[in-house]
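1. pasting a predicted model and its sequence here:
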Amino acid sequence: TATALVSPHPLNTQHSTDEKTELKMKHLRNTELMEKFGTVANYSVLGGMLACSGLIGVYFWKKGQSSPEDTLLGGRSMPVIPITASIIASFLSALTLLGMPAEVYTQGTQYFAILFMLPVICFLTGEVYIPVFHTFQLESSYQYLELRFNHLVRVICGGFYAFAMVPYIAIVVYTPALALEQIVGLNVDISCATMFVVCVFYTSVGGIRAVVWTDCFQLFFMFLSTITILILATVNAGGMSAVFDKNYQDGRIQFFNMELDPRERHTFWGTTIGNGVMWLSVFGVSQTQVQRYLSLPTIADAKRAVKYNFLLTSCLLVMVGWLGLVLYATYSSCDPITAHQVRTKDQVLPLLVLHVAADIPGLPGLFMAGVFSGSLSSVSSGLNSLAAITLKDFIPEQRLSRMNNIQQALLTKIFSAIFGLLGYSMTFLIRFMPGMLEAAMIIGGVINGPIIGVFTAGMLLPWINSCGVLGGFLGSVLISTWIATGGTVYKHHMPYQSLTAPAYPSNISGCPPDWLTDHNQSVVAEPSDLPGHLALYDLSYIWYSTIGASLTIILAMIVTIFTSQDLTKLDRRLLSPCVGRLARWLPGGCGRRM
């Protein structure tokens, strides 16, 4: 039966597909493509985007910020549409525009099962977390933890958030810088420095208003560049039908891989539940997003922004996912990584852009402007949030009370600049990581998972006390770090061999001869055994956030058993409104006691 489903001339079919691709596009060497980028039009588009971003910062600097609330929250009077655009732009960074198409190219479409989880994340964000933050009109999400638990919980969680955010902003800057190096040969350190200088400038001088409006401007570039390249690359690959058919025939279309083994990199359960918890930690409680919710006048406005956000985010995810399918349709018989035309999978999409658009004036520059926009929006949001928690969570109240509003506003600008310098320094460390998307998710999973566990316990579990949640958080961070560290070490030497994921592209039979002049056929090294290996280390990175959040809540409940919590002294406003609604469904006395 299996034999009957196989084409009797599979090689002929493949060569036919390759010939169609060759008619549309000639595979040039990376050095030839670098020469094509160096035009006035390309540099003008890229430079114009950077200059406009800086000018927006100057505009809001001239308008002035008279208080920390103006600098950090825009006076709590921002419009819904710009905030929606800012939420999208700050989350969907260069990791989205480069990392997600690369993930589809190498792993198939299973990652995008997260689309099924987006309505759930939208509902939980709007009904569980936003009402509590808006009730107290806080300037930092971690201020809630002091109200609910104590000052120590607030400082420790805020400190870990800052510790994770600095390498994250380094990753989202280094990714497009690496892509630019691949395209034009520009030194990666110069690119990183340029982006940090521009970003720190408009974030520091313009405050949250400059950040939000530059996010809008940059989101326009992200959508415009993605749509343009998507259409052009699809046409060059033979059209939508040819792209889908090639991926489908090679088993790259996956959405319902129901394998229960958590060691599998991407399954339906991992990309919905595992990845969903990580996304919820960002949209639900992250300072970068909470800051935007609180800059809106009302809870209703914040909920509207969340709904609009997930609608537009879904559209952009579908587009970058399709770009991944186009990558495979184009390079399935000539993998540029195996042929040594690029070094990492994050560079494959920029290579495609130059293959299909190098001769169109300004279009490669437009694409790079879109990628840079993704990085700038994420970094500016990160710097602004770091400045907020440093001012509000780490500076003693007594010292702040001795400063006037203008001095505090100035201090937030200084903090933004300092964190920008730290982020640039981190770019020299994270460049040794194999994949930017996975690196960001590992760092975020180890820290953000336990953090959302703390907030969830505080808002949904009234009997959890400060000792319990602190013990749960620290225990979860230690265990999550142990698992992630072990996984990083042992997966390099003893990688888990997936039974369900599509094979990595490695075919170079369709490459032109000049692509293979530097290619040496090497023998694949056998995995080397290391002592101390545990099956736990083979867990997919996508589960790290869920493990961290679950451990925090479980350990917090265990520790709370041996301590006490006086529920009569608990301010009910510190609990999510949905707790009261759920309590009405409980039988008899249980519901009344809650």
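-> Yep, that arrived.

2. going by C-alpha atoms from here, please, whenever you check contacts or count neighbours.
-> Fine.

3. wait, isn't Trp543 in contact with Gly270?
-> Yes: contact criterion Cα atoms under 8 Å: Trp543 and Gly270 qualify, at 6.4 Å.

4. longest single helix anywhere in this structure?
-> Using DSSP state H, we find that the single longest helix of the chain is helix 188-236.

5. and the next helix or strand past that one?
-> Using DSSP states H and E, the helix or strand that follows helix 188-236 in sequence is helix 240-249.

6. how far does that next one sit from its chain's centre?
-> Offset of helix 240-249 from its chain centre (Cα atoms, centre = their mean, to the nearest Å): 28 Å.

7. so for the following helix or strand past it, mean pLDDT?
-> Next helix or strand after helix 240-249 toward the C-terminus (DSSP H and E): helix 268-269. The average of the pLDDT scores along helix 268-269 is 95.

8. now helix 268-269, how far from the centre of its chain.
-> 19 Å.

9. now stretch 190-199
-> Chain-centre distance of stretch 190-199: 20 Å, with Cα atoms, centre = their mean.

10. ok, and what's touching it?
-> Residues from elsewhere that reach stretch 190-199, judged by Cα atoms under 8 Å, 6 or more residues apart in numbering: 50, 53-54, 173-174, 177, 180, 372, 376, 379-380, 420-421, 424, 427.

11. buried set for it?
-> Residues 191-193, 195-199 are the ones in stretch 190-199 that count as buried (16 or more other Cα atoms under 10 Å).

12. ditto for stretch 106-123
-> 106-115, 117-118, 121-122.

13. what's in contact with it?
-> Contacts for stretch 106-123 (Cα under 8 Å, 6+ apart): 103-104, 251-257, 266-268, 271-273, 275-276, 279-280, 283, 306-307, 310, 314, 317, 321, 325, 345, 501-505.

14. with just CA atoms, put that stretch into PDB.
-> Output of stretch 106-123 as PDB, limited to C-alpha atoms (Å, rounded to 0.1, in the frame of the first residue of the first chain):
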ATOM      1  CA  THR A 106      13.700  23.900   9.200                       C
ATOM      2  CA  GLN A 107      10.900  22.400  11.300                       C
ATOM      3  CA  GLY A 108       7.600  22.700   9.400                       C
ATOM      4  CA  THR A 109       4.400  24.600  10.400                       C
ATOM      5  CA  GLN A 110       3.700  23.000  13.700                       C
ATOM      6  CA  TYR A 111       4.900  26.000  15.600                       C
ATOM      7  CA  PHE A 112       2.000  28.000  14.300                       C
ATOM      8  CA  ALA A 113      -0.600  26.000  16.100                       C
ATOM      9  CA  ILE A 114      -0.200  28.900  18.600                       C
ATOM     10  CA  LEU A 115      -2.800  30.600  16.400                       C
ATOM     11  CA  PHE A 116      -5.400  28.300  18.000                       C
ATOM     12  CA  MET A 117      -4.400  29.500  21.400                       C
ATOM     13  CA  LEU A 118      -4.500  33.200  20.700                       C
ATOM     14  CA  PRO A 119      -8.300  33.700  21.500                       C
ATOM     15  CA  VAL A 120      -7.700  32.000  24.900                       C
ATOM     16  CA  ILE A 121      -4.700  34.200  25.700                       C
ATOM     17  CA  CYS A 122      -6.800  37.300  24.700                       C
ATOM     18  CA  PHE A 123      -9.600  36.200  27.000                       C
END
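
15. mind checking how far it is from the chain centre?
-> With Cα atoms, centre = their mean, you get 13 Å for stretch 106-123.

16. repeat that for stretch 191-201.
-> In terms of Cα atoms, centre = their mean, the gap separating the centre of stretch 191-201 from the centre of its chain is 19 Å.

17. before we move on, back to that, weed out the non-buried ones from the contacts of stretch 106-123.
-> Looks like those have 103-104, 252-255, 257, 266-268, 271-273, 275-276, 279-280, 283, 306-307, 310, 314, 317, 321, 325, 345, 501-502, 505 buried, using 16+ other Cα under 10 Å.

18. in helices only, show me the residues you listed.
-> Using DSSP H, the buried ones among the contacts of stretch 106-123 in helices are 103-104, 268, 275-276, 279-280, 306-307, 310, 314, 317, 321, 325.

19. can you redo these as a markdown table with distance to Val290?
-> What follows is those, written out as a markdown table (distance: Cα to Cα, whole Å):
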| residue | distance to Val290 |
| --- | --- |
| Glu103 | 29 |
| Val104 | 30 |
| Phe268 | 29 |
| Asn275 | 20 |
| Gly276 | 18 |
| Trp279 | 14 |
| Leu280 | 12 |
| Val306 | 11 |
| Lys307 | 15 |
| Phe310 | 15 |
| Ser314 | 20 |
| Leu317 | 22 |
| Gly321 | 27 |
| Leu325 | 34 |
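
20. go ahead and confirm Gly158 touches Ala388.
-> No: look at Gly158 against Ala388 with Cα under 8 Å: they stay out of range, at 10.5 Å.

21. of the two, which one has the most company?
-> The neighbour count for Gly158 versus Ala388, taken as other Cα atoms under 10 Å, is higher for Ala388 (28 against 23).

22. got the angle for the helix or strand containing the more buried one vs helix 188-236?
-> Using DSSP H and E, Ala388 maps to helix 363-389. With axes from the mean of the first three to the mean of the last three Cα atoms, to 10 degrees defining the directions, helix 363-389 sits at 130 degrees from helix 188-236.

23. just how off-centre is helix 363-389 within its chain?
-> Chain-centre distance of helix 363-389: 12 Å, with Cα atoms, centre = their mean.

24. count the residues that sit near Lys36.
-> 20.

25. correct me, but it touches Ile360?
-> No: using Cα under 8 Å, Lys36 is not in contact with Ile360; the gap is 9.8 Å.

26. among the buried residues of stretch 106-123, which one lies nearest to Ala339?
-> Nearest to Ala339 among these is Thr106, at 14.9 Å by Cα to Cα.

27. measure Ser286 to Ile542 for me?
-> 18 Å (Cα to Cα, to the nearest Å).

28. between these two, which one's more packed in?
-> A count of neighbours by other Cα under 10 Å puts Ile542 above the other of Ser286 and Ile542, at 29 against 21.

29. OK, contacts around the more buried one?
-> Contacts of Ile542 (Cα under 8 Å, 6+ apart): 265-266, 270-271, 274-275, 441-442, 445.

30. and for Pro101?
-> 320-325, 327, 349.

31. got any ranges where the stretch 151-300 of the chain has weak pLDDT?
-> 179, 182-184 (pLDDT under 70).

32. hmm, I typed the wrong one, I wanted the chain.
-> Low-confidence segments of the chain, defined by pLDDT under 70: 1-33, 65-68, 179, 182-184, 431-441, 517-529, 586-594.

33. over to Gly38: give its phi and psi.
-> Note on Gly38: backbone dihedrals following degrees, to the nearest 10 are phi -70, psi 60.

34. for Asp514, see how far away it is.
-> 22 Å.

35. also Leu186?
-> 23 Å.

36. looking at these two, which is more packed in?
-> When neighbours are counted by other Cα under 10 Å, Leu186 and Asp514 differ, and Leu186 comes out ahead with 15 against 12.
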